[in-house]
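Colleague: whatever this is, show me its structure:
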Amino acid sequence: MEPASRTKSTASAATSDTSSCGGSSSRPIPIGISIAEALELHKQQQQQEQQEQQQDDNEKQQDSPKKAEKVLFLDGSWWLPNAPMTARQRFEQGPRILGAQFLDIDDISRKDGTAAKLPHMMPHPSLFAAAMDFMGILSPHSTKVILYGQEQCPYVHRAWYLFVAMGHALDQLHLLEGSIQDWQDAGGPVDTTPTTVPLQASQLDLSKPTLYQPTVSEPQYVVNMPEMLDIVTAQTTTTTTTTTTTPLPPAYIVDARSKERFLAQVDEPRPGLKRGHMPGALNLPFTHVLDEKNLNKFKSVQELTESVFPAAAATTNTTTTTAVDKDWWKDTSRRIITTCGSGATACTVAAALVLCGRDPSTIAIYDGSWAEWGAAPNVPIVVESQQDGEDDDKKRPPNDGGDDPTSPSKAPRTKE
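Modeller: Numbers count the residues shown, from 1 in each chain. Presented below is the predicted three-dimensional model:
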């Protein structure tokens, strides 16, 4: 079973699959895939499966010619606990992309030790590998995974980041630019027959060797509470003498929660959590990186890099010891640590950064996020003055990255 220790730091080197991403290069990284491209891959995969059914059922030997690349569509949706139906239930009810499977981030997660009190914590690679084998994803290097979400689902990026954390090759990992509804509208084949998701983490035998071999022994690009505390402490610790220069803090902390929660103007949706934010944090509500009309898509790279990311620099609170440049997201001398309510939308911001050219090895998510930090005793928390919040409220346009960016008829409230 999974070891008791929490996930380790992102200090491990990036794999060769991500090292070519170019660090702070402004060259976009194609993590998305258009529906037109996905439709063609889906057609090819269906044809391949039909051909294989006509062949002998004998297993191929290891020294046989390499099998053609396998493509698998995964619904990586997740909804908040107050939603009328879970993402699993929606998938089972249909419609779903023909041949797609469902990845339940709450089920394929750590549930022991401190993680038992937190939602969808990163699993140990052994659990992830067993789940991949069950779904027929047999290699992190030659199985192309296309993740998609249910209509107006802004949380699918957590499933994408799960693959990144396990070392799945970035060029074999894509986010569909659109939802199941967009797929249907484009004429994509769907299955509407009610089904049951067969994958259950509790039924996987982790003692058996797996064909899928993660490239990491612990999830990469993830930080835990002790590491986060060290980072936050460094944000607010300075040494000022006439002979020494104050070193830069080791990371940019980027909080993906709404501005109201960041400024402690409203209660947290999870009972018992404190209001406020971490010292030195920037506020970049996850809704700001998504297309307002279609939460299954990102805004353009141009809008993200010229408007959205620079705007976050202005949200720095008064405890920050160093001014933040508008091009902070390009600065690879410091890591970017994203955080949110429970570790889901932190992945949305991380994915947007990667889309815009940031190397994944220079980013990490704080897995426990505010669900852990806001419940912990004796950790530093900043509560902005009420006057600051009131002034900001007057200047803030309606629905500026708040808790409900969608129409009530479209999706549950997105207060992650």
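
Colleague: mind listing the strands for the stretch 51-200 of the chain?
Modeller: For the stretch 51-200 of the chain, the strands defined by DSSP state E, counting those that start in this stretch cover 70-75, 96-97, 101-102, 143-149, 173-179, 190-191.

Colleague: could I get those strands as CSV with mean pLDDT, mean neighbour count and distance to residue 262?
Modeller: Every residue, glycine included, has its C-beta placed from N, CA and C. Compiled in CSV, those are given as follows (pLDDT from 0 to 100; neighbours: other C-beta atoms under 10 Å; distance: least, C-beta to C-beta, whole Å):
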stretch, mean pLDDT, mean neighbour count, distance to residue 262
strand 70-75, 94, 21, 30
strand 96-97, 97, 23, 36
strand 101-102, 96, 20, 32
strand 143-149, 95, 23, 25
strand 173-179, 96, 23, 26
strand 190-191, 97, 14, 39
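
Colleague: can I get those in a markdown table including distance to residue 117?
Modeller: A markdown table is the format used below for the strands of the stretch 51-200 of the chain (distance: least, C-beta to C-beta, whole Å):
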| stretch | distance to residue 117 |
| --- | --- |
| strand 70-75 | 27 |
| strand 96-97 | 32 |
| strand 101-102 | 25 |
| strand 143-149 | 27 |
| strand 173-179 | 30 |
| strand 190-191 | 37 |
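
Colleague: quick one, which of the ones you listed is nearest to residue 34?
Modeller: With distances scored as C-beta to C-beta, the stretch of the strands of the stretch 51-200 of the chain nearest to residue 34 is strand 173-179 (5.3 Å).

Colleague: right, so of the strands of the stretch 51-200 of the chain, which gets closest to residue 227?
Modeller: Taking the strands of the stretch 51-200 of the chain one by one with C-beta to C-beta, strand 173-179 is closest: 25.1 Å.

Colleague: who touches that closest one?
Modeller: Applying C-beta atoms under 8 Å, 6 or more residues apart in numbering, the contact partners of strand 173-179 are 30-35, 38, 73, 144-153, 156-157, 160, 163-164, 183, 186, 294, 296-297, 351.

Colleague: so which of the strands of the stretch 51-200 of the chain gets nearest residue 285?
Modeller: Closest approach to residue 285 among the strands of the stretch 51-200 of the chain (C-beta to C-beta): strand 143-149, 18.5 Å.

Colleague: any of the contacts of strand 173-179 buried? List them.
Modeller: 31-33, 35, 38, 73, 144-153, 156-157, 160, 163-164, 183, 294, 296-297, 351 (16 or more other C-beta atoms under 10 Å).

Colleague: low-confidence stretches in the stretch 101-250 of the chain?
Modeller: Counting by pLDDT under 70, the stretch 101-250 of the chain contains low-confidence ranges at 236-249.

Colleague: ranges for the helices of it?
Modeller: Under the criterion DSSP state H, counting those that start in this stretch, the stretch 101-250 of the chain contains helices at 125-135, 157-165, 180-185, 225-236.

Colleague: of these, flag the one that's most buried.
Modeller: Greatest average neighbour count among those goes to helix 157-165 (a mean of 27), per mean count of other C-beta atoms under 10 Å.

Colleague: tell me how far the nearest residue to residue 189 once chain neighbours are set aside lies from residue 188.
Modeller: Once flanking residues are discounted, residue 189 sits nearest to residue 98: 4.1 Å by C-beta to C-beta, 6 or more residues apart in numbering. To residue 188, residue 98 is 8 Å away according to C-beta to C-beta, to the nearest Å.

Colleague: again with residue 352
Modeller: Residue 352 is 25 Å from residue 188, by C-beta to C-beta.

Colleague: touching, residue 76 and residue 149? I think so.
Modeller: Yes. With contact defined as C-beta atoms under 8 Å, residue 76 reaches residue 149; the gap is 6.5 Å.

Colleague: for the residue nearest to residue 107 when sequence neighbours are not counted, give me its contacts.
Modeller: Nearest non-adjacent residue to residue 107, counting by C-beta to C-beta, 6+ apart: residue 201, 4.8 Å away. Contact partners of residue 201, counting by C-beta under 8 Å, 6+ apart, are 107, 108, 109, 123, 127, 131.

Colleague: likewise for residue 117?
Modeller: Counting by C-beta under 8 Å, 6+ apart, residue 117 touches no other residue.

Colleague: what strand or helix carries residue 45?
Modeller: Residue 45 is part of helix 35-54 when elements are defined by DSSP states H and E.

Colleague: all helices of the stretch 251-400 of the chain, in order?
Modeller: Listed in chain order, the helices of the stretch 251-400 of the chain (DSSP H, counting those that start in this stretch) span residues 259-262, 301-303, 309-312, 345-355, 369-373, 386-395.

Colleague: and of those, who's closest to residue 252?
Modeller: It's helix 309-312; of the helices of the stretch 251-400 of the chain, that one is closest to residue 252 (C-beta to C-beta) at 9.0 Å.

Colleague: how many residues are close by the residue nearest to residue 189?
Modeller: Close neighbours of residue 98, defined as other C-beta atoms under 10 Å, add up to 15.

Colleague: right, I'll leave it there.
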